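# how would this look folded up:
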Amino acid sequence: MSGKDTGALAGLGLEVVRVTEAAAYAAAKLAGRGDQKAADQVAVDAMRNALNALDMDGEIVIGEGERDEAPMLFIGEKVGTGNGPAIDIALDPLEGTTLTAKGSSNALAVIAFAEKGGLLNAPDTYMEKIAVGSGYPEGVVDLDNDPADNIRAVAEAKGVDPKDVTACILDRPRHEEMIRKVRSTGARVNLISDGDVAGVIYTTDPSTGVDIYMGIGGAPEGVLAAAALRAIGGQMQGRLVFRNDDERARASRIGITEFDKKYDLKDMARSDVMFVASGVTDGSLVRGVSLSNGYVDIETLLLVSESHEMRWVKGRHPLSTFEG
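Residues are numbered from 1 along each chain as shown. Alright, predicted model coming up:
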């Protein structure tokens, strides 16, 4: 990025925080009410309205699906006032719709900004992923290696026994064999029900105890996670997983030609990025939305790749900010 464009991106920082705060507050009002679709819709509406108030020429490259499948924030949609820097946007207004509906922890409102062309335009399909935090030799793990071999490689790089390594994996039937192989080394498995953006970020924070993330989740979430790692350091690989010809056609329409390509971190997040995640419900990364005495408290994680900055922003707003 040029200095001028980097400054323009950085200058959006606090405004981007307000975007995820708006989505988080809207979703939090429906936490525990059992309606995933309603929670997602209000988060989408709030995020879109906030984005359109920003002075930028923004385009959604990772969103809620294609134009005919999503009511708002579809891939290719233009957002912002049209005045200002050209920005690519990856977003998930509610990462953890099921978590929110159940009132469970770790639901987030997430967005990433990059200069034009800075983010992989990934289709709304699945992606096979593997990620570790910073401090490891380049290529310490590989998507094509056996899961047990990746565990042993991480253990060797850390100078510990495999039993002292913890892998974070989505709790899905498709991962049963992977989980078995990981546990065969003696390593621990931290199973999560949803929220694999947070799962990837856990690898960067020693306090979580997570050393490696692996498994198949959403491709949009994969790009968002890559943006976070680009900001604070780490390694990641991903490969799109297609279940049928319709999904391959969808990928083709947005310019994907190599269906078996193994993407690394810089393929998915090609330039300086800003990653922002506000808590909807309490979680390991940030606290959830809380209301007290007419004020709304929202905690947000802000990551900026240019400075490798990792900042927690605690916002306290009059209720009228969101309900006015």
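# Render the CA-only coordinates of stretch 26-36 in CSV, please.
What follows is stretch 26-36, C-alpha atoms only, in CSV (Å, rounded to 0.1, in the frame of the first residue of the first chain):
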residue,chain,number,x,y,z
ALA,A,26,-28.4,-5.2,17.2
ALA,A,27,-27.6,-9.0,17.4
ALA,A,28,-27.2,-9.0,21.2
LYS,A,29,-30.8,-7.8,21.7
LEU,A,30,-31.8,-11.2,20.2
ALA,A,31,-29.2,-13.3,22.1
GLY,A,32,-30.8,-16.4,23.6
ARG,A,33,-34.1,-16.0,21.8
GLY,A,34,-33.7,-19.0,19.5
ASP,A,35,-34.0,-17.2,16.2
GLN,A,36,-30.8,-17.4,14.2
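# got the buried residues for it?
In terms of neighbour count (16 or more other CB atoms under 10 Å), stretch 26-36 has its buried residues at 26-28, 30-31, 36. (C-beta placed from N, C-alpha, C; glycine too.)
# Please apply the same query to stretch 9-28.
Neighbour-count burial for stretch 9-28 flags 9-10, 12-13, 16-28 (criterion: 16+ other CB under 10 Å).
# Could you double-check that Tyr295 sits in contact with Pro318?
Yes - look at Tyr295 against Pro318 with CB atoms under 8 Å: they come within range, at 6.2 Å.
# quick one: which of the two has more around it?
Using other CB atoms under 10 Å, the more surrounded residue of Tyr295 and Pro318 is Tyr295, with 14 against 11.
# which ones are touching the more buried one?
If a contact means CB atoms under 8 Å, 6 or more residues apart in numbering, then Tyr295 has 316-319 as its contacts.
# out of those, which are buried?
Not one of the contacts of Tyr295 meets the buried threshold, by 16+ other CB under 10 Å.
# how about low-confidence regions in the stretch 1-150 of the chain?
When residues are selected by pLDDT under 70, those of the stretch 1-150 of the chain lie in 1-8, 10-11, 13, 65-71.
# can you give me the helices for it?
Here the stretch 1-150 of the chain has its helices, by DSSP state H, counting those that start in this stretch, at 3-11, 13-28, 36-51, 97-102, 147-158.
# Give me the subset of the contacts of Tyr295 that lies in strands.
In strands, defined here by DSSP state E, the members of the contacts of Tyr295 are 316-318.
# Using CSV, lay out the contacts of Tyr295 together with distance to Ser193 and pLDDT.
Formatted as CSV, those follow (distance: CB to CB, whole Å; pLDDT from 0 to 100):
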residue, distance to Ser193, pLDDT
Arg316, 30, 96
His317, 30, 95
Pro318, 34, 96
Leu319, 31, 94
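# who touches Arg239 in this structure?
Arg239 neighbours (CB under 8 Å, 6+ apart): 127-128, 143, 260-263.
# er, Ala148 actually
Each residue near Ala148 by CB under 8 Å, 6+ apart is listed here: 181-182, 184-185.
# The residue nearest to it when sequence neighbours are not counted in helix, strand or coil?
Excluding its sequence neighbours, the residue lying closest to Ala148 (CB to CB, 6 or more residues apart in numbering) is Lys181, at 4.6 Å. Secondary structure assignment for Lys181 (DSSP: H, G, I helix; E, B strand; the rest coil): helix.
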